[in-house]
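> with the input below, show me the fold.
(2 chains)
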2 protein chains.
Amino acid sequence: IMFDSDHTEAAGTAKVQIAMKYDDKNKQFAILVMQLNNVPALMLQQDQKVNIRVAVLPCSESTSCLFRTRPMEASDSLVYNEIFWVSISYPALHQKTLRVDVCTVDKSHLEECLGGAQISLAEICRSGEKSTRWYNLLSYKYLQKQSRK
Amino acid sequence: IMFDSDHTEAAGTAKVQIAMKYDDKNKQFAILVMQLNNVPALMLQQDQKVNIRVAVLPCSESTSCLFRTRPMEASDSLVYNEIFWVSISYPALHQKTLRVDVCTVDKSHLEECLGGAQISLAEICRSGEKSTRWYNLLSYKYLQKQSRK
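Below is the predicted model:
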């Protein structure tokens, strides 16, 4: 229903806005999860709360690489503005991929992720510069349907 | 050779180089699959041939969205330089995500994808400009191991 061509062009996909910056002095990578747009495109059920999970992959054993925003009541767009810090050297950062997932948690605390984006950090982060961008999210329900074809 | 310093952290990830350009006049999006680097990081088996599969997602029914390069004998780095064209309007393109997978095909013609990158087209393509970049590939074997934890 959701992804035939016309509808997509009209309604569009869900998008997430992320800012990133590398702090050379303290060897810290900052990930700012700003906001989510066009949330209904991810086919939420009613009354679900939505959080954003970010992971710096592949994960090094020695440092945290998985972070979650607080959950928020679903609506068309959601403003999070939460910042996460990862301790990592600049060369190591360039080997990483930032995985961003939009998830819901049900009453039994099971996390289900509805869609995501994958951001290669091979070139995106020049030291000291802040990069702020919108990323399209791919719906996992859509991908599952595709792989069954 | 390609990665500085501690060489990533020592081994580094596999990377793919992709160039993209939107031709406004003919409403065509060009995807140039250039080369693959550090292929062994994807944990190939011996004597496998490697091809790159690109998909413009979500796929519109009316146009081709899935393309494959020719398969090549595995080695440390592989140069493809194959170009694929997608007929699409500029606003529609901004709703898409380019999925790039590195795959092998076995003798029974089953395709197995070893790793991939996902490139949001929400902002990356300014009309007329060519964007050439390296993208880190996430190994699917690694992701599966993670999700089992």
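
> distance check, A:M43 against B:Q144.
25 Å (C-beta to C-beta, to the nearest Å). Every C-beta, even on glycine, is put in place using the N, C-alpha and C of the backbone.

> between those two, point out the one with more neighbours.
Applying other C-beta atoms under 10 Å in any protein chain shown to A:M43 and B:Q144 shows that A:M43 carries more neighbours, namely 16 against 9.

> which residue packs closest to that one, ignoring adjacent ones?
Leaving out its chain neighbours, the residue that sits closest to A:M43 by C-beta to C-beta, 6 or more residues apart in numbering or on different chains is A:K141, at 5.9 Å.

> isn't the one you found right next to A:G116, touching?
No: contact between A:K141 and A:G116 fails when scored by C-beta atoms under 8 Å: they sit 11.9 Å apart.

> higher neighbour count, those two?
Neighbours were counted for A:K141 and for A:G116 using other C-beta under 10 Å; A:G116 has more, 25 against 14.

> so who does that one touch?
By C-beta atoms under 8 Å, 6 or more residues apart in numbering or on different chains, the contact set of A:G116 is A:99-102, A:137-138, A:140.

> can you do 7 Å?
By C-beta atoms under 7 Å, 6 or more residues apart in numbering or on different chains, A:G116 lies in contact with A:99-102, A:137-138.

> what's the pLDDT at it?
Note on A:G116: pLDDT of 96.

> what do you get for A:E9?
A:E9 is given a pLDDT of 43.

> which ones are touching the residue positioned nearest the centre of chain A?
Chain A has A:V100 as the residue nearest its centroid, 2.3 Å off, counting by C-alpha atoms, centre = their mean. Shown in contact with A:V100 (C-beta under 7 Å, 6+ apart): A:16, A:18, A:52, A:54, A:116-117, A:119, A:135.

> let's have these in TSV, adding distance to A:T69 and secondary structure.
Shown next, in TSV, are the contacts of A:V100 (distance: C-beta to C-beta, whole Å; DSSP: H, G, I helix; E, B strand; the rest coil):
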residue	distance to A:T69	secondary structure
A:V16	11	strand
A:I18	11	strand
A:I52	5	strand
A:V54	8	strand
A:G116	14	strand
A:A117	15	strand
A:I119	16	strand
A:Y135	15	strand
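
> ok, and the most crowded of those residues?
Of these, with other C-beta under 10 Å as the count, A:V16 tops at 29 neighbours.

> correct me, but it touches A:L137?
Yes: between A:V16 and A:L137 there is a contact at 6.0 Å, judged by C-beta atoms under 7 Å.

> not counting its neighbours along the chain, what's nearest the residue nearest to the centre of chain A?
A:V100's closest residue in space is A:A117 (C-beta to C-beta, 6+ apart), at 4.8 Å.

> pretty sure the one you found contacts A:S139?
No: contact between A:A117 and A:S139 fails when scored by C-beta under 7 Å: they sit 11.1 Å apart.

> and the closest residue in space to A:P71 that isn't next to it in sequence, what pLDDT?
Nearest non-adjacent residue to A:P71, counting by C-beta to C-beta, 6+ apart: A:K49, 3.8 Å away. At A:K49, the pLDDT value in this model is 92.

> before we move on, what about the one 3 residues further on?
For A:I52, the pLDDT comes out at 97.

> relative to B:L121, how far out is it?
Taking C-beta to C-beta, one finds A:I52 at 20 Å from B:L121.

> right, is the strand or helix carrying A:Y22 up against chain B?
Using DSSP states H and E, A:Y22 falls within strand A:15-23. Yes: using C-beta under 7 Å from any C-beta of the partner chain, strand A:15-23 reaches chain B at A:K15.

> show the average pLDDT along that strand.
On average, strand A:15-23 scores 95.

> show me what that strand is packed against.
strand A:28-37, strand A:97-105, strand A:130-136 (3 or more C-beta pairs under 7 Å, 6 or more residues apart in numbering or on different chains; DSSP states H and E).

> so is the longest one next to chain B?
Read it as strand A:28-37. No: if you take C-beta under 7 Å from any C-beta as the test, strand A:28-37 misses chain B, and the best it gets is 10.0 Å.

> output the below-cut-off pLDDT ranges for chain A.
A:1-11, A:124-127, A:148-149 (pLDDT under 70).
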